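Engineer: Here's a sequence, model it:
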Amino acid sequence: MERTALETAAAIRSGESSALLECEAAIDRIETRDGPINAVVVRDFDRAREQAAEMDRRLAAGDTAPLLGVPMTIKESYDIAGLPTTWGFEAHRGHIAKKDAVAVQRLKAAGAVFLGKTNVPVSLADLQSVNPIYGRTNNPHNHAHVPGGSSGGSAATLASGMVPLEYGSDIGGSIRVPAHFCGVWGHKSTFGVLPTEGHFFPGTDGARVVLSVIGPLARDGADLALAFDLVADVPQPRSTIEGPRGLRVLLLTDHPLAKVDPAIIAAIEKAAGALEGAGAQITRKTDLLPDLAKQQGDYMRMLAIAMARGIAPAGGTPATLVQWFDMMDDQARNTRAWVRLFEDFDVVFAPVLGSAAFAHDDTELRIRTLLIDGEQTSFAAQFAWPGLATYPGLPATAVPIGTTADGLPIGMQVIAAPHRDHTAIAVARLVDGAIG
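Structural biologist: You can find the predicted model right below:
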């Protein structure tokens, strides 16, 4: 098993390895493994070697940056000066970024070496990763299945062991779903905590998109926490949870609009049971939850407007400014309801999505269906699960908790109160330790 990001950094600091050796090893893994996966679609190996050599010089000069020499890739939608940022649009094939995204700047300052960029769906608007510029990315566990989206290339690169660290973005589950589908870790941050500057639609430099956040993906929970901290605008509160005893967990595996495969429910119940056996308090029903059906409807309306930047669908009419302010009021009330819930609970355990990775399917998303527990169900209804945290702006960590009978990964999201990102990550690490 390849080293984690923290293990890689420690090996470089100790002299067991070097930044250049780790860079070359990661390049070799990409060249050897990526062919049938097609995850690392923009490669910048020559500049990566130059960066790695500079990291070795920094180390010799006494630099103690936490990611010094650690090779990583990043989602194609982030700007890196000199590389294309297309979001999968053929029309933007020739767009070359002039400046690094703020997240990239901060990770480079921490010593990370960027080897390239990873695949996305067109406009970051699907839970699979295929576009006319770079083609289709396959799930490393089964190439006939999707790796998720829109950070699908990110998760596939991690799951295949090519690099130890990635950064993605999430507005409809785009970090958490790929992590769930590929069996890695991903963190959707509290809205507004991590800077989105440089994660712009190609050729633009506008305001933060409502609902949208960025966040890290990794193969290890400690890496996830560090990568979150390194990019945050303002340090977030540390977790005060030291172990399972007394941990208050709300288990949420039923939704009025979105089915869940029994194998996923069983894996979540097993994870909750492991913590319960170690002293956690597991609750399965509460009157504190907001109306989840209403939340899903409100979320999908806001998401549609955000993704289309207010342009009405064919034959439709755009939302008025009054309607938009009403939507924001509904969102604020929903967030307050969740905040009240977290007075009684530390975290919520929930599915990331109601199914494991599905087979490649180019059916238009609005009419696509998903087979769950023997029943063809609406694909769009599944956005209810990532929407639990997205709509109210909550932090949520996706953690691997098992596999299906046919070997596809199963993840679970650990949702916490606003700004309690480290609580979500810490409890996810408790789950990982409890289930082994």
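
Engineer: Low-confidence ranges, the stretch 1-150 of the chain, go.
Structural biologist: Counting by pLDDT under 70, the stretch 1-150 of the chain contains no low-confidence segment.

Engineer: Quick one: the helices in it, in order.
Structural biologist: 5-14, 19-33, 45-60, 102-109 (DSSP state H, counting those that start in this stretch).

Engineer: need the contact list for Leu289.
Structural biologist: If a contact means C-beta atoms under 8 Å, 6 or more residues apart in numbering, then Leu289 has 252, 337, 341 as its contacts. C-betas here are computed from N, CA, C, even on glycine.

Engineer: buried ones in stretch 337-345?
Structural biologist: 338, 341-342, 345 (16 or more other C-beta atoms under 10 Å).

Engineer: again, but for stretch 38-47
Structural biologist: Buried residues in stretch 38-47, counting neighbours by 16+ other C-beta under 10 Å, are found at 38-45, 47.

Engineer: next one: stretch 248-267
Structural biologist: Going by 16+ other C-beta under 10 Å, stretch 248-267 has these buried residues: 249-253, 255, 257-261, 263-265, 267.

Engineer: With stretch 224-241 instead?
Structural biologist: Buried, per 16+ other C-beta under 10 Å, within stretch 224-241: 224-232, 236, 239, 241.

Engineer: Check stretch 356-374 too.
Structural biologist: 356-358, 361, 368, 370, 372.

Engineer: For Ala304, state which of those residues is nearest.
Structural biologist: The closest of the buried residues of stretch 356-374 to Ala304 turns out to be Arg368 (C-beta to C-beta; 15.7 Å).

Engineer: could you measure the closest residue to that closest one other than its chain neighbours against Val414, distance?
Structural biologist: Spatial nearest neighbour of Arg368, chain neighbours left out: Phe379 (4.0 Å); criterion: C-beta to C-beta, 6 or more residues apart in numbering. Per C-beta to C-beta, to the nearest Å, Phe379 is found 24 Å from Val414.

Engineer: More neighbours: those two, which one.
Structural biologist: Val414 (27 against 23; other C-beta atoms under 10 Å).

Engineer: secondary structure element for Leu217?
Structural biologist: Assigned by DSSP states H and E, Leu217 belongs to strand 213-218.

Engineer: between that strand and helix 102-109, how many degrees?
Structural biologist: 40 degrees (axes from the mean of the first three to the mean of the last three C-alpha atoms, to 10 degrees).

Engineer: For strand 213-218, the averaged confidence score.
Structural biologist: Mean pLDDT, computed over strand 213-218, is 98.

Engineer: by how many degrees do the helix or strand following that strand and helix 5-14 diverge?
Structural biologist: Once the chain leaves strand 213-218, the next helix or strand it forms, by DSSP H and E, is helix 221-231. Here the directions of helix 221-231 and helix 5-14 differ by 80 degrees (the same axes, to 10 degrees).

Engineer: Send me helix 221-231 as PDB with only the CA atoms.
Structural biologist: What follows is helix 221-231 as a C-alpha-only set of coordinates in PDB (Å, rounded to 0.1, in the frame of the first residue of the first chain):
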ATOM      1  CA  GLY A 221      -8.600  10.800   7.800                       C
ATOM      2  CA  ALA A 222      -5.500  12.500   9.200                       C
ATOM      3  CA  ASP A 223      -4.500  13.700   5.700                       C
ATOM      4  CA  LEU A 224      -8.000  15.000   5.200                       C
ATOM      5  CA  ALA A 225      -7.900  17.100   8.400                       C
ATOM      6  CA  LEU A 226      -4.500  18.600   7.600                       C
ATOM      7  CA  ALA A 227      -5.400  19.400   4.000                       C
ATOM      8  CA  PHE A 228      -8.600  21.200   5.300                       C
ATOM      9  CA  ASP A 229      -6.600  23.200   7.800                       C
ATOM     10  CA  LEU A 230      -4.000  24.300   5.200                       C
ATOM     11  CA  VAL A 231      -6.500  25.900   2.900                       C
END
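
Engineer: Packing partners of that helix?
Structural biologist: helix 5-14, helix 102-109, strand 165-170, strand 185-188, strand 213-218, strand 396-403, helix 421-435 (3 or more C-beta pairs under 8 Å, 6 or more residues apart in numbering; DSSP states H and E).

Engineer: Please identify the deepest-packed of these.
Structural biologist: Stretch with highest mean neighbour count among the helices and strands packed on helix 221-231: strand 185-188 (a mean of 32; mean count of other C-beta atoms under 10 Å).

Engineer: Sheet partners, orientation included, of that strand?
Structural biologist: When pairs are called by DSSP bridges, strand 185-188 turns out to pair with strand 213-218 (antiparallel), strand 396-403 (antiparallel).

Engineer: Next up, the contacts around Val193.
Structural biologist: Per C-beta under 8 Å, 6+ apart, neighbours of Val193: 213, 232-234, 236, 395, 419, 421.

Engineer: Bridge partners for the nearest residue to Ala179 once chain neighbours are set aside, pull those for me.
Structural biologist: Nearest residue to Ala179, sequence neighbours excluded (C-beta to C-beta, 6+ apart): Gly186, at 3.2 Å. Beta-bridge partners of Gly186, counted by DSSP bridges, are Leu217, Ala398.

Engineer: and Gly186, what does it touch?
Structural biologist: Gly186 neighbours (C-beta under 8 Å, 6+ apart): 151, 155, 168, 170, 175-176, 178-179, 215-218, 224, 397-398.

Engineer: now do 6 Å
Structural biologist: Shown in contact with Gly186 (C-beta atoms under 6 Å, 6 or more residues apart in numbering): 175-176, 179, 217, 398.

Engineer: measure the residue sitting furthest away from the middle of the chain to Met55 for me?
Structural biologist: Of all residues in the chain, Ala61 has its C-alpha farthest from the mean position, at 35.0 Å, by C-alpha atoms, centre = their mean. Separation of Ala61 from Met55 (C-beta to C-beta): 11 Å.
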